[in-house]
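Predicted model and sequence follow; I will ask about them next.
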Amino acid sequence: MILKTRLLAGAVLALTLSSAAAVAQTAKPWIHVEVRENGDSTEKVNVNVPLSLARVALSAVQPKIEHKIADGLRNGLEKGEMSLADIRSMWAELRASGDAELVSVDDKDQTVRIARDGAHIRVRVESKKEAGESVRVDVPITVVDALFSGDGDELNLPAAIQQLEAMRGDIVNVVDKDSTVRVWIDERS
């Protein structure tokens, strides 16, 4: 009887552990991009990939991306624009400043707000000309920190993707009269 009880307990434990492992495997984050055309065409494009795939794809093209960024920074420096070091310094000050509305623009065409709100930088653009047209971007501060953790004139793209893996929910929403774009992360394929 004791042997049967131990076997049963062992089987239950094994089943529980294997179920937990299966749940952990399915809980990998996916990034989704949905583009819907409004009006007569009603076309729709969905891209759904695991963030781990994005990380692998990035490793294949990262040198090219970093080269383009470095070229862009060099060109900017030649024109007297800011360097990545300048931008990193500004980010450090901004990060230390806490919650605040950073940019506020109200004109006849649109309202623009950029704010630090808790753990996010939030960008909001609302059109005054076209009802319902808007842009909503929420960037986790940890993602920006990771991006700027690179050395010299390099952004740390792999670290930024790693931080995105911990995020769930909407990142970008753009709505205009012709289309809707949504980018989000969840655990469903």
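That came through, no problem.

residues in contact with stretch 120-128?
108-116, 133-141, 144, 176 (Cβ atoms under 8 Å, 6 or more residues apart in numbering). In this view, the C-beta of every residue, glycine as well, is placed from N, C-alpha and C.

Return the members of those residues classed as buried.
110, 113-116, 133-141, 144 (16 or more other Cβ atoms under 10 Å).

Helices of this structure, start to end?
Using DSSP state H, the helices of the chain run over 2-26, 51-78, 84-96, 141-147, 157-164.

any low-confidence regions in this protein?
1-26, 66-67, 69-70, 72-80 (pLDDT under 70).

Quick one: neighbours of V47, just the number.
For V47, the count of nearby residues is 10 (other Cβ atoms under 10 Å).

Check the separation of the first and last residues in stretch 92-111.
Using Cα to Cα, to the nearest Å, the end-to-end distance of stretch 92-111 comes to 27 Å.

And stretch 164-174, by the same measure?
Using Cα to Cα, first and last residues of stretch 164-174 are 19 Å apart.

got the contact list for it?
29, 31, 51-52, 134-140, 142-143, 180-187.

I'd like the distance between A60 and P29.
20 Å (Cβ to Cβ, to the nearest Å).

Settle it for me: which of these two has more neighbours?
Between A60 and P29, counted using other Cβ under 10 Å, the more crowded position is P29 (18 against 8).
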